[in-house]
Structure formats: structure tokens, C-alpha cells
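> the following block contains a protein sequence and its predicted model.
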Amino acid sequence: MIERIAVLTTGGDAPGMNATIRAVVRCAINKKLEVMGVFRGWWGLINEEMKLLNHRSVSGIINQGGTILKTARCPEFETEEGRKRAFNTVKKNAIDGLIVIGGNGSFKAAHIFGRKYNVPCIGIPASIDNDINGVDVTIGSDTAINTALAAIDNIRDTATSMERIFVVEVMGRESGYIALEVALAGGCEDVIIPEKKFDTSTSLSVNGERSRTIDLESICHDIVEGNLRGKISWIIVVAEGAGSAFDIAKKITEMTSLETRAVVLGHVQRGGRPTAFSRILAINLGEAAVECLLKGDSDKTVGMRDGKIITVDFELAITKKELEVDRLYNLIKVLT
Ligand code: F6P
């Protein structure tokens, strides 16, 4: 029987994590459960840093970015010794189930821990990278895209006024999701992402023709050709895992002799007030996760797919989420 659960946020913070914690705590209390809030993710479980949460503990946080429980990346939890200590905390505090709010790395860890120690673990996908397979979207990714988009709209003003090229670096070490989405929504002219090979060589030729993989020569060719057609600004979005905005901007200047500037948006994209979409997703999934634990579910994440709340086994959720890379990339080029 489930009487006491614990909730933690882990990995990179995402806007909407607080709204998720609030939903978990209040829905659980409504079902007569006790909720322990674990601080700094897995680190808090290893070091027994937690406290009992009540209705009031989560007041006034629905509109706040970040996470009141704090979050961390925890290499110690990747070791058997670390996980064993975390299990001791679970046993000592009579925790019957764990709700893990995080992204791909967090679910990988929960998958290993939950199975090894027979601790029911339910995930709630929250990551700006939208990196959970089997669900449409993670909590926080919509907010991050809107934040990056606001910046790109501003950059467009100066790009147009000064007739310049901009290379804008967005987050995504392993995923081009944010880059593709903001490039589309911002009407950007090119996008460079980890999922698509990026060739920086300057003398590329495939069968005598320019290749349509992403390569600097093609990008520079398009810029110069665009210039001749009267195009006065050019924004190239690059995901951090695919290259450095500063390096790419330098090369473009060298190859085209056109003024190019680099902007790195960085952690600006992780903070800020969650959008209505991120909050509503957080609330729906918070409730669903509590229901899952009460039903006796384990080793899976809740999520939204095609407008419905579903569950996906961690085994599948942690595999690489495929993006419609080629279609979206071609669309960006068609619209340029
Ligand atoms: O949480 C995901 C993410 O924001 C990635 O997009 C990014 O590569 C990474 O975290 C940055 O991590 P950190 O804040 O630990 O440097």
C-alpha cells in the first residue's frame, strides 16, 4: 500500500518544474498521501536531504521558473555505492514510491535504481530539450522556445537594420529540437543541428555538385546568392552540440566578406515564467503520476501524446527521440 511518496527534480531545471511539484504535492495530499520533497535531486536522496511538504509548501510557485526543490547533476548516483545509499534513505524514511521530474538522463538513472532496489519510480518529463521518446513534448520546452524566439525576434530587428548576418547559438547538446523549432518560428534562414552532419570544410564537392548536407560552403553560397536577390538579413541558428556560433561566424566572415555577428543565448533559455502550455502540461502530468503510483505502476513515465495522457515504459522513453529532421530542414530552406 502506498502511504508516503517522495518527489525530486533532477538534471537541468526547466520552466514548469515548480508547477509540477505543486500539482504532485496537492494531488497526493488530496489522496491522503504524505509527500517528502527531496532536495537537489539524487544527491538529496543519497544524503537524506528532504522534508515533508504540505499544501502551503507549494503556494505561490505556479508561475515561477526553476525549482524550489533545487536540482543537480549527480555523478555519485551513477555508482552502485551511491544508489545503495539512496536506497537506505528510501527504506529509513518509509518511502513507498518516487516521482522523478526530469529529462532523459534522469529517467535513465530512475530506470536502473527502481529495478535494482524494487522502488516504484514514475517519471514526469521536464526538460527544455524535449528529449523523452514516446511523448509529444516535455514540460518547459515550449517556454524555452518562446524565450529563444523573443531573442531571435529582437536580433532580426538589428540584422535587418544593419543588413548583417547573425549566428545564434541555442541550447541542445545532443538535440536539435530547440534549434529547429525556433528557426521555423523565427523565419530563420538556416539551422545547424547535431542530428545532421555539419561540414565546415571550405572545398566540399560531392559528385561535382554542392551537397545538401549542412555545410559551410552551401550556407555561404546561399547568403551571397540571397544578397544578390536583395535579401538584407540572415539568421543561422546553431544548436550548441553542433558547433560554436563564434567559430561559425568567423568562418562566414572569412568566406563571404560580409559582416557576421555571433550570439550565444545560453542559460537565458532555461529560466523564466513558464508559459500557459508548460503549466497546464505540468498540472495534468503531476496528477497522472500520483495516480500511477497509487495504481501500483512503476518504471515508466507519464506523458501527453496526441492530446491524451499516456504512460511510456522507461525502457522506451530513454531511447533517442527521432525528430523530423529532413522535412523540417527542407521546409526552413523552402521558406527562406
Ligand atoms: O537541461 C538540458 C540542457 O539545458 C541542455 O540543453 C544543455 O546542453 C545542458 O542542459 C547544459 O547543462 P549545464 O547547465 O549543466 O551546463
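Structure's in. What do you need? Numbering: from 1, shown residues only.

> what's across from Asp261 in the sheet?
Not Asp; residue 261 is Arg. Phe166 (DSSP bridges).

> any low-confidence regions in the stretch 101-250 of the chain?
Within the stretch 101-250 of the chain, the stretches with pLDDT under 70 are 201-213.

> mind doing that once more with 80?
199-214 (pLDDT under 80).

> residues from it in reach of the ligand?
Listed as neighbours of the ligand in the stretch 101-250 of the chain under the rule Cβ under 6 Å from any ligand atom: Gly103, Ser127, Ile128, Asp129, Met171, Gly172, Arg173, Glu240. The way it works is simple: take the backbone N, C-alpha and C, and place the C-beta from them, glycine included.

> for the third one, what are phi and psi?
Right, the one you point to is Ile128. phi -70, psi -20 (degrees, to the nearest 10).

> excluding chain neighbours, what is closest to it?
Leaving aside its chain neighbours, Ile128 sits nearest to Ala144 (3.7 Å; criterion: Cβ to Cβ, 6 or more residues apart in numbering).

> how near is that neighbour to Gly65?
10 Å (Cβ to Cβ, to the nearest Å).

> same thing with Val167?
Val167 is 26 Å from Gly65, by Cβ to Cβ.

> and for Ala185?
20 Å.

> rewinding a little: neighbour count for Ala144 and Gly65, which is higher?
Ala144 (33 against 21; other Cβ atoms under 10 Å).

> can I have the helix or strand that contains the more buried one written out in CSV, keeping just the CAs?
Using DSSP states H and E, Ala144 maps to helix 141-162. Output of helix 141-162 as CSV, limited to C-alpha atoms (Å, rounded to 0.1, in the frame of the first residue of the first chain):
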residue,chain,number,x,y,z
SER,A,141,10.3,23.1,-23.8
ASP,A,142,7.5,25.4,-25.0
THR,A,143,8.7,28.1,-22.6
ALA,A,144,12.3,27.7,-23.7
ILE,A,145,11.4,28.0,-27.4
ASN,A,146,9.3,31.1,-26.7
THR,A,147,12.2,32.7,-24.7
ALA,A,148,14.7,31.9,-27.5
LEU,A,149,12.2,33.2,-30.1
ALA,A,150,11.8,36.5,-28.3
ALA,A,151,15.6,36.9,-28.5
ILE,A,152,15.7,36.0,-32.2
ASP,A,153,12.9,38.5,-33.0
ASN,A,154,15.0,41.2,-31.4
ILE,A,155,18.1,40.1,-33.3
ARG,A,156,16.1,40.2,-36.5
ASP,A,157,15.4,43.9,-35.9
THR,A,158,19.1,44.7,-35.8
ALA,A,159,20.0,42.2,-38.5
THR,A,160,17.6,43.9,-40.9
SER,A,161,18.5,47.5,-39.8
MET,A,162,22.2,46.9,-40.2
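
> packing partners for it?
strand 165-170, helix 177-185, strand 234-239, helix 276-295 (3 or more Cβ pairs under 8 Å, 6 or more residues apart in numbering; DSSP states H and E).
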